[in-house]
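*Asks:* sequence? don't have it. structure:
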């Protein structure tokens, strides 16, 4: 199968003083997946944060490439655990669908065991491929809410859009069938999508939204594509995130 060619695009780690360069209070988070790989992330603790976002990122780069976005979330007043999947950045191993699920479960367990964060304060945040990962965590661990940004129903659905209807299983062994998990979730959800996303078209984001149970809301960000959504959305986007987080934590 060609999973690593089509799905996973990790970037190598660069050793620099990222805390100084970013101006963020980056705390190293080190934990281990149940099947062995040692994983690495950053925990950013915002004063008086109502919750902690457990951020499952997309399929490319590593956590270094999310620092600008992480800084914006921190300035919004949110604590965040941002981690790398196996094979990304400083995390050991090789990426796989089941491996990514295990890594995110381990990150959730780290928050509870090491940082003493109660499930009622954890909001799962999955972007793009990370949406399916966050959906798996939502099935297997308790949380206050779920944010799915630029997400898609399945690899098959994306392949059909881009490759003239060819079945994805011809090329790719991974499924990432978020759509199968959503009807079984019973937590407040926010689905966010850019209205100019030509990688994961808004119709796929709407399909994700339609499969969720209430309470749920859909936020279409004007002028945003797949990679610039947070900053195209600007203050309104970050306010929407903060408002959702506060509402589910109070609830």
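*Replies:* Okay, I see it. Just so it is clear, the structure is predicted and the values come from calculations on it, not from any experiment.
*Asks:* contacts and neighbour counts: CA atoms only from here.
*Replies:* Will do.
*Asks:* Show the residue spans covered by the strands in the stretch 101-250 of the chain.
*Replies:* 122-127, 145-149, 189-194, 216-221 (DSSP state E, counting those that start in this stretch).
*Asks:* Can you lay out those as CSV showing mean neighbour count, distance to residue 56 and mean pLDDT?
*Replies:* Shown next, in CSV, are the strands of the stretch 101-250 of the chain (neighbours: other C-alpha atoms under 10 Å; distance: least, C-alpha to C-alpha, whole Å; pLDDT from 0 to 100):
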stretch, mean neighbour count, distance to residue 56, mean pLDDT
strand 122-127, 26, 5, 98
strand 145-149, 27, 10, 98
strand 189-194, 25, 15, 98
strand 216-221, 17, 19, 98
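*Asks:* For residue 247, find the nearest of these.
*Replies:* Across the strands of the stretch 101-250 of the chain, residue 247 has its closest neighbour in strand 145-149 (9.3 Å, C-alpha to C-alpha).
*Asks:* Distance to residue 85 added to the strands of the stretch 101-250 of the chain, as CSV?
*Replies:* What follows is the strands of the stretch 101-250 of the chain, written out as CSV (distance: least, C-alpha to C-alpha, whole Å):
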stretch, distance to residue 85
strand 122-127, 13
strand 145-149, 18
strand 189-194, 22
strand 216-221, 27
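*Asks:* To residue 15, which of those lies closest?
*Replies:* strand 122-127 (25.3 Å).
*Asks:* packing partners for the closest one?
*Replies:* In this structure, strand 122-127 packs against strand 52-56, helix 129-140, strand 145-149, with contacts taken as 3 or more C-alpha pairs under 8 Å, 6 or more residues apart in numbering; DSSP states H and E.
*Asks:* Poorly predicted segments of this structure, please.
*Replies:* Within the chain, the stretches with pLDDT under 70 are 1-6, 164-173, 251.
*Asks:* Nearest to the middle of it, which residue? Look it up for me.
*Replies:* Nearest to the geometric centre of the chain sits residue 126, at 2.2 Å (C-alpha atoms, centre = their mean).
*Asks:* Who is that one paired with across the strands?
*Replies:* Beta bridges link residue 126 to residue 56, residue 148, judged by DSSP bridges.
*Asks:* In this structure it contacts residue 133, no?
*Replies:* Yes. Contact criterion C-alpha atoms under 8 Å: residue 126 and residue 133 qualify, at 6.8 Å.
*Asks:* Next, show the common contact partners of the two.
*Replies:* residue 56 (C-alpha atoms under 8 Å, 6 or more residues apart in numbering).
*Asks:* can you give me the helices for the stretch 1-150 of the chain?
*Replies:* Along the stretch 1-150 of the chain, counting by DSSP state H, counting those that start in this stretch, helices occupy 3-6, 18-22, 67-76, 97-113, 129-140.
*Asks:* winner for burial among the ones you listed?
*Replies:* The highest mean neighbour count among the helices of the stretch 1-150 of the chain, using mean count of other C-alpha atoms under 10 Å, belongs to helix 129-140: a mean of 24.
*Asks:* So which other helices or strands are in contact with it?
*Replies:* Packing contacts for helix 129-140, counted by 3+ C-alpha pairs under 8 Å, 6+ apart, involve strand 52-56, helix 97-113, strand 122-127, strand 145-149, helix 178-181.
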